[in-house]
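Trainee: Sequence and predicted structure are below.
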Amino acid sequence: MTAIGPRLYARSRALWPTLAALVGTTGFALWAAHLMDAYLDPSRRVPVVALAPLMAAAVIGTSLYTASDELDRTAVRPWWPRRLVQLLGLSAVAAALLPTAVLGDTLVFGPPAMIRNTLGSTGVTAAAAVLFGARLSWLPAFGYVSAVYLASGGARGPAVTVWAWPMQPGPQTGAWAAALAAFAAGGALYVARGARPEGARV
Amino acid sequence: MTLTADGRKPPARPLHPLRAEVVRGFAPWTGAVVLLTLGVLLTGTSARWQGGWAETRSQLHDSMLVIAPLTAAAGCLQGGRERRRRTDELWETAVRGRLARFLASAMPVALWAAAGFAAAAALALLATWPYAQGDRPHLGLLPGDAVLLAACAVAGHVVGRLVAWRPAAPVLAMAGYLVLAVPAMASPGAGRHLDAAFPAPVGSDPVWWQPVVMAVWTGGLASAAVLAYAARRRYTALVPLAAAIAAGALLVRTGDGLWHDDPLASRQVCDTSTTPQICVNARYEGLLPQIRGALSEVVGRLEGVQNLPVRFEDRPGAPRHGEAQLPMLAPFGWSVVRGRLTDPKQYAWEAVVELEGRGDCESTVDPRVRRADDAVEHYLAPGPHQEYFDKLAAEGSAAERAELTARQRARARLASMGEEERRIWLSAYFATAGSCGARGVPAL
């Protein structure tokens, strides 16, 4: 009997379609990396390393939507453990699947960069789900990462590894710090508050 | 006097029913998101475009790659609104036709996206103005870009109406990135001329009708989608579709003829009072005094020396016979940032290296030539990294230390020459400029 609660929770958050979408994103990333002949030059993997985590974060972000917010709030049990498990689990799945698209060179846009970008994008998306609602949660991360994607080429300066974290090739400390901070802050915010309730208005 | 329920006085003239759609809800946020995203993008790249009108134009146009998919996603989100609100049946009862009802909710997003882009473009042009060094504003592509945004918003709206899936909007944005980015990255083909966000090269301008035809292409496709979805007579969609296909065919057929070189980029402005003369590209002629200032010491020390190139040239392509390349000024963001030379000392050293003309030689140039080059650079304009390399050699192996001693001896020898003797030596030295062999290079 105890297993029914988590199962219903998983269904209410569209967990299986979300997992399927994550697998689809991975397949798409694999295909894109193959299409761009990434094995010739690791730096050709930049679009894949920037966009695939964004897609995964968007999928995770939209799964944070709850259709019955008012009902949820009448529950006796605390929600935060479920939210924590949901966010961490989906992030872990994405972070485990996506790097398979860019195996090989680990220093230049390889698996570590993919994991970092997945965590950072998911963090930004989770924070956006709290602030703007799950339905729109993908928008800030999309805007930011795509703007940085176009802006950071040739950018210099001491803080560039921090603000342009999605575009750093590998082990830069500033980029990891920024991405992990985004994941920790966004994740904590979501776990504590949950996605912003949104009715049918917007 | 009538009062509304919350006690406010109704306006003297009834407000237009569409006003609420335009100023409320998600549409203004679209404009804000477009403005904000462009703001991040343009601020991050400001060193590379601020001060150049053509660079500003290209940066704004290239950012379509990001903004257009984002706008399509916003339109998609707005398109699903009636379904989420469960108001689609209520709309059916309106006395307006299906198309008018569609446009009433689709157009605000399109207008706000275009307005956000227009505001960002205006701010970027204003930011370039105080630092501009010549040229004139290139505005030709901007209206076409605004039409592209509006078309993306409306087409995204159609998708939003048709697809009831929560991640539809981000998936549409991702698909948009791919559609716009793949022609730019893949091998060159005629199809790239259909890509409305294809990067606009600095130094090239589109022919005057290219933005118009591009607007017909993008706007026609979006209009066809709208009419096919919402018109009472769906076959009317064939008209914009035919126009779009004709425009697309025209774009593909014309191909590379759509872009021509900016005539200004092949002209240059020269200071003929010096030897060698200093010419800068007419696109940034305002930089000439700064460059003359940076090179004044070099030019002063070369007075009376024979066998120098006639001028430093700054045109696209290789220098002609008897000319030397002016060290690179464009692309901006390296030597020049916001209309200022970033490092005049480095620039002067680069100019001396160009005078020597041995950039294309193998790195294994005769050590005697290398020492002569180094002594000339040291005398005319010591590079900012010279001390660093000397220090490195001083701490290096015995051979490196011996080479450093020989280099320093050559420098001292050139510096201790009399005026006339040095002039003769430099004249003989510059007669061998550009040749990679040691023959004829005078000894030090």
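Mentor: Right, received. Where do you want to start? Numbers count the residues shown, from 1 in each chain, chains lettered A, B, ... in the order given.
Trainee: And stretch B:276-294, what's buried?
Mentor: Using 16 or more other C-beta atoms under 10 Å in any protein chain shown as the burial criterion, the residues of stretch B:276-294 that qualify are B:276-288, B:290-291, B:294. Placement of C-beta: from N, CA and C, glycine included.
Trainee: Toward the C-terminus, what is the element adjacent to whatever helix or strand B:V179 lives in?
Mentor: Using DSSP states H and E, B:V179 maps to helix B:168-185. On the C-terminal side of helix B:168-185, the closest following helix or strand by DSSP H and E is strand B:204-206.
Trainee: Quick check: buried residues in that following strand?
Mentor: Buried residues in strand B:204-206 (16+ other C-beta under 10 Å): B:205-206.
Trainee: Give me the average confidence score over that strand.
Mentor: Strand B:204-206 carries an average pLDDT of 91.
Trainee: on contacts alone, who are the packing partners of it?
Mentor: With contacts taken as 3 or more C-beta pairs under 8 Å, 6 or more residues apart in numbering or on different chains; DSSP states H and E, strand B:204-206 sits against strand B:259-261.
Trainee: Now the helix or strand that comes right after the strand it packs on - C-alpha only, PDB.
Mentor: Moving toward the C-terminus from strand B:259-261, the next helix or strand (DSSP H and E) is strand B:268-271. Extracted in PDB, the C-alpha atoms of strand B:268-271 (Å, rounded to 0.1, in the frame of the first residue of the first chain):
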ATOM      1  CA  GLN B 268      41.300  54.300 -47.400                       C
ATOM      2  CA  VAL B 269      42.300  57.600 -45.900                       C
ATOM      3  CA  CYS B 270      46.000  58.500 -45.900                       C
ATOM      4  CA  ASP B 271      48.300  60.700 -44.100                       C
END
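Trainee: And for the next helix or strand after strand B:268-271, what's in contact with it?
Mentor: Using DSSP H and E, the next helix or strand after strand B:268-271 towards the C-terminus is strand B:277-281. With contact meaning C-beta atoms under 8 Å, 6 or more residues apart in numbering or on different chains, strand B:277-281 is reached by B:265, B:267-271, B:287-288, B:291-292, B:295, B:299, B:310-315, B:326, B:329-330.
Trainee: let's go with 10 Å and repeat that
Mentor: With contact meaning C-beta atoms under 10 Å, 6 or more residues apart in numbering or on different chains, strand B:277-281 is reached by B:133-135, B:203, B:264-272, B:285-292, B:294-296, B:299, B:309-316, B:323, B:326, B:329-330, B:351.
Trainee: Look up how far B:T43 lies from the residue in chain A that chain B sits nearest to.
Mentor: In chain A, the residue found nearest to chain B is A:A151; the distance is 3.0 Å by C-beta to the nearest C-beta. Counting by C-beta to C-beta, to the nearest Å, the gap from A:A151 to B:T43 is 8 Å.
Trainee: Would you mind telling me which of the two has more residues around it?
Mentor: The neighbour count for A:A151 versus B:T43, taken as other C-beta atoms under 10 Å in any protein chain shown, is higher for A:A151 (23 against 12).
Trainee: tell me the SS of residue 147?
Mentor: Here I'm looking at chain A. Assigned with DSSP: H, G, I helix; E, B strand; the rest coil, A:A147 falls in the helix class.
Trainee: Before we move on, what's the pLDDT of it?
Mentor: At A:A147, the model reports a pLDDT of 86.
Trainee: Hmm, B:G156 is touching B:V226, no?
Mentor: No: taking C-beta atoms under 10 Å as the definition, B:G156 is not a contact partner of B:V226, at 11.2 Å.
Trainee: residues shared between the contacts of those two?
Mentor: B:A106.
Trainee: Those two: who's more crowded?
Mentor: Taking neighbours as other C-beta under 10 Å, B:G156 and B:V226 compare with B:G156 leading, 33 against 21.
Trainee: Export only the CA atoms of the helix or strand that contains B:P289, formatted as CSV.
Mentor: Following DSSP H and E, the helix or strand that holds B:P289 is helix B:288-301. Output of helix B:288-301 as CSV, limited to C-alpha atoms (Å, rounded to 0.1, in the frame of the first residue of the first chain):
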residue,chain,number,x,y,z
LEU,B,288,44.1,58.0,-38.2
PRO,B,289,45.3,60.6,-35.7
GLN,B,290,45.7,57.9,-33.0
ILE,B,291,47.6,55.6,-35.3
ARG,B,292,49.8,58.5,-36.4
GLY,B,293,50.5,59.2,-32.8
ALA,B,294,51.3,55.5,-32.0
LEU,B,295,53.6,55.3,-35.0
SER,B,296,55.2,58.8,-34.7
GLU,B,297,58.3,57.5,-32.9
VAL,B,298,58.9,54.8,-35.5
VAL,B,299,58.3,57.2,-38.4
GLY,B,300,60.6,59.8,-36.7
ARG,B,301,63.4,57.3,-36.3
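Trainee: So for it, mean pLDDT?
Mentor: The average pLDDT for helix B:288-301 rounds to 93.
Trainee: just checking, what packs against that helix?
Mentor: strand B:268-271, strand B:277-281, strand B:311-313, strand B:340-341, helix B:344-356, helix B:367-380, helix B:419-431 (3 or more C-beta pairs under 10 Å, 6 or more residues apart in numbering or on different chains; DSSP states H and E).
Trainee: strand partners of the fourth one, parallel vs antiparallel please.
Mentor: In the sheet containing strand B:340-341, the strands it pairs with under DSSP bridges are strand B:336-337 (antiparallel).
Trainee: which residues are in contact with the strand it pairs with?
Mentor: With C-beta under 10 Å, 6+ apart, strand B:336-337 has contacts from B:46-48, B:50-52, B:131, B:133, B:284, B:287, B:290-291, B:328-330, B:342, B:347.
Trainee: Would you list the buried entries among those?
Mentor: B:46-48, B:50-52, B:131, B:133, B:284, B:287, B:290-291, B:329-330, B:347.
Trainee: Stretch B:437-444: which residues count as buried?
Mentor: Within stretch B:437-444, the residues scored as buried using 16+ other C-beta under 10 Å are B:441, B:444.
Trainee: Render the CA-only coordinates of that stretch in PDB, please.
Mentor: C-alpha atoms of stretch B:437-444 as PDB (Å, rounded to 0.1, in the frame of the first residue of the first chain):
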ATOM      1  CA  GLY B 437      67.300  34.400 -46.800                       C
ATOM      2  CA  ALA B 438      70.300  36.000 -45.100                       C
ATOM      3  CA  ARG B 439      71.800  37.300 -48.300                       C
ATOM      4  CA  GLY B 440      72.200  41.100 -48.300                       C
ATOM      5  CA  VAL B 441      71.200  41.600 -44.700                       C
ATOM      6  CA  PRO B 442      73.900  43.900 -43.300                       C
ATOM      7  CA  ALA B 443      76.000  42.700 -40.400                       C
ATOM      8  CA  LEU B 444      75.900  44.100 -37.000                       C
END
